[in-house]
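With the input below, show me the fold.
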Amino acid sequence: MSNNLFDFGMIGLGVMGRNLLLNVADHGFSVIGFDKDEAKTSALETAATAGTTVKGVPDLAEMVQQLKTPRKVMMLVPAGKPVDDVIESLLPLLEKGDVVIDGGNSHYTDTLRRVEYLKETGINFMGMGVSGGEQGARTGPSMMPGGNVEAYGHIKPILESIAAKVGDVPCVDYLGKGGAGHYVKMVHNGIEYAIMQLISESYALLKKGGLSNEQLHETFKSWNEGLLQSFLVEITADIFLQKDDKTDAHLVDVISDKAGSKGTGKWTSQDSMELPVAVPVIDTAVAMRTLSGYKDERIQAAQLYSDTEFLAKLTQEELVAMVHDALYFATILSYAQGLAMLFQASKELQMDIPLPKVVSVWRGGCIIRSSLLEVFSKAYANNAALSNILLDAEVAGIIKSVLGNTRSAVALAAQEGVPAGALASSLAYFDAFRSERMPTNLIQAQRDYFGAHTYQRIDIPGTFHTEWGQN
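From the prediction side, this is the model:
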């Protein structure tokens with residue numbers, strides 16, 4: 001056999017594909033990448049670290065022929081039809097036992113379909129979420145693979161070598177059957193949406209309370225050195241210092257308030273309703289991004305409903321402490337809802353998602369990495385079958401310690417007219433979750449009244465219907 005056989009192949013040499021492949025090469029594996037754009041194949045070779053074995057080719061068949069068997073091929077191409085097109089191109093070139101990994105943001109139902117489709121050929125298909133962005137791909141991402149467990153054995157040494165590390169533990173692990181990898185990444189992105197929205201609402205409260213960008217920088221910087229330590233809080237602190245290169249303003253103040261999205265948060269919200277499981281903080285985050293797009297209507301409404309001055313008699317220190325605790329509380333609730341969704345999906349969709357491993361994989365490299373994940377790791381160490389982390393005693397102690405300030409912050413936002421829907425929905429979820437008896441008995445009565453939908457009683461077993469209004 002030729003000596004130039006390669007360990008790992010990549011289809012799609014955009015920023016993520018190129019950086020991930022160079023990361024693999026840096027860890028001693030020989031790599032080959034394919035892209036129709038020869039400028040990208042050249043850029044791959046140019047960017048390679050001296051002494052590593054890196055090759056770029058514009059011909060897919062050439063790439064596949066030069067891979068060691070069983071071949072390990074990853075694709076980082078746009079989700080949807082492009083993935084199916086690549087699979088069809090690969091099929092005549094691959095053999096039984098080869099491993100194909102989709103590292104893009106595919107919907108888990110597409111991944112399930114592809115796993116089943118390729119199973120007949122003996123080719124192992126895996127869906128893998130990758131988080132950490134451009135820098136993470138190059139220096140150590142968090143990776144969430146799912147699918148065929150035997151196939152994972154073939155790629156495990158490569159993935160563990162390139163993953164982010166927390167201590168000596170790589171932030172990658174086998175996360176379940178079928179579409180589990182992409183399902184976990186979808187929920188990761190939903191949690192990401194929620195936390196970003198919560199941070200923006202906290203910013204709105206602090207800004208209305210009079211904090212300058214410099215003070216906001218110092219506030220978030222100090223928060224990142226304490227209980228709120230996380231990647232998103234860290235970059236938020238940096239953002240407030242960035243000056244605009246076109247004006248004398250801070251850049252954050254000249255950025256449009258119409259937020260974009262790629263849809264993965266929306267998928268989390270939609271799929272939660274199918275299970276069903278409640279993720280209202282994520283739902284609200286998706287809705288607020290949608291609302292941000294109503295710019296023309298918002299300008300008109302602002303003229304109809306004039307804003308108020310900040311009325312609260314609080315020192316800035318009191319305001320900062322209050323918002324800190326509310327953000328901490330609501331961040332915990334965001335993770336709680338996402339992890340509860342994974343717990344339910346694992347059972348309902350028979351994916352066998354190991355939540356302790358999910359939390360471990362998220363501790364480094366990914367966008368939602370935070371010190372809170374260490375707390376959740378302990379919770380799952382105590383009870384790996386925990387249905388909701390709010391049921392853990394240590395988490396309950398943390399929640400109770402910040403609950404008073406959270407209620408005050410949500411009330412303050414309502415009083416001051418600051419849109420803080422995600423903060424408010426986190427509190428509403430918590431209050432419902434801790435209620436031994438909710439007022440939904442009245443809803444059951446209403447449903448039976450207008451639609452004869454029946455109801456259950458608390459004192460007698462069985463199903464009942466009443467002819468209402470007969471008294």
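
Compute the number of surrounding residues for residue 159.
23 (other CB atoms under 10 Å). The C-beta positions use only the backbone N, C-alpha and C, and glycine is treated the same way.

following the one helix or strand it maps to, which helix or strand shows up next?
If you go by DSSP states H and E, residue 159 is part of helix 149-162. The helix or strand immediately downstream of helix 149-162 is strand 165-166, counting by DSSP H and E.

What is the helix holding residue 159 packed up against?
helix 15-26, strand 72-75, strand 99-102, strand 124-131, strand 142-147, strand 169-170 (3 or more CB pairs under 8 Å, 6 or more residues apart in numbering; DSSP states H and E).

Go ahead and produce CSV holding the CA coordinates of whatever helix or strand comes next after the second one.
In the C-terminal direction, the helix or strand that comes right after strand 72-75 (DSSP H and E) is helix 81-90. Presented in CSV, the C-alpha positions along helix 81-90 are these (Å, rounded to 0.1, in the frame of the first residue of the first chain):
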residue,chain,number,x,y,z
LYS,A,81,-29.9,19.4,0.7
PRO,A,82,-26.1,20.0,0.5
VAL,A,83,-25.5,17.2,3.1
ASP,A,84,-27.7,14.8,1.0
ASP,A,85,-25.9,15.8,-2.1
VAL,A,86,-22.5,15.0,-0.6
ILE,A,87,-23.7,11.7,0.7
GLU,A,88,-24.9,10.7,-2.8
SER,A,89,-21.5,11.7,-4.2
LEU,A,90,-19.7,9.6,-1.6
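
Would you map out the domains in this protein?
Listed by automatic domain parsing, the domain ranges of the chain are 8-174, 185-433.

which stretch among the ones you listed comes nearest residue 447?
Comparison of the domains of the chain against residue 447 by CB to CB identifies domain 185-433 as nearest, at 16.6 Å.

coming back round to it: the helix holding residue 159: which residues count as buried?
Of all the residues in helix 149-162, those buried under the rule 16 or more other CB atoms under 10 Å are 151-152, 154-155, 158-162.

How about residues contacting it?
Residues outside helix 149-162 that contact it (CB atoms under 8 Å, 6 or more residues apart in numbering): 7-8, 20, 23-24, 26-29, 70, 72, 99, 101, 124-126, 140-141, 143, 145, 170, 172, 174, 177.

hmm, which of the residues you listed are the buried ones?
Neighbour-count burial (16+ other CB under 10 Å) is assigned, among those, to 7-8, 20, 23-24, 26, 29, 70, 72, 99, 101, 124-126, 140-141, 143, 145, 170, 172, 174, 177.

Residue 56 belongs to a helix?
No - Residue 56 is assigned strand when assessed by DSSP: H, G, I helix; E, B strand; the rest coil, not a helix.

Look up the pLDDT of it for me, please.
Here, the pLDDT recorded for residue 56 equals 96.
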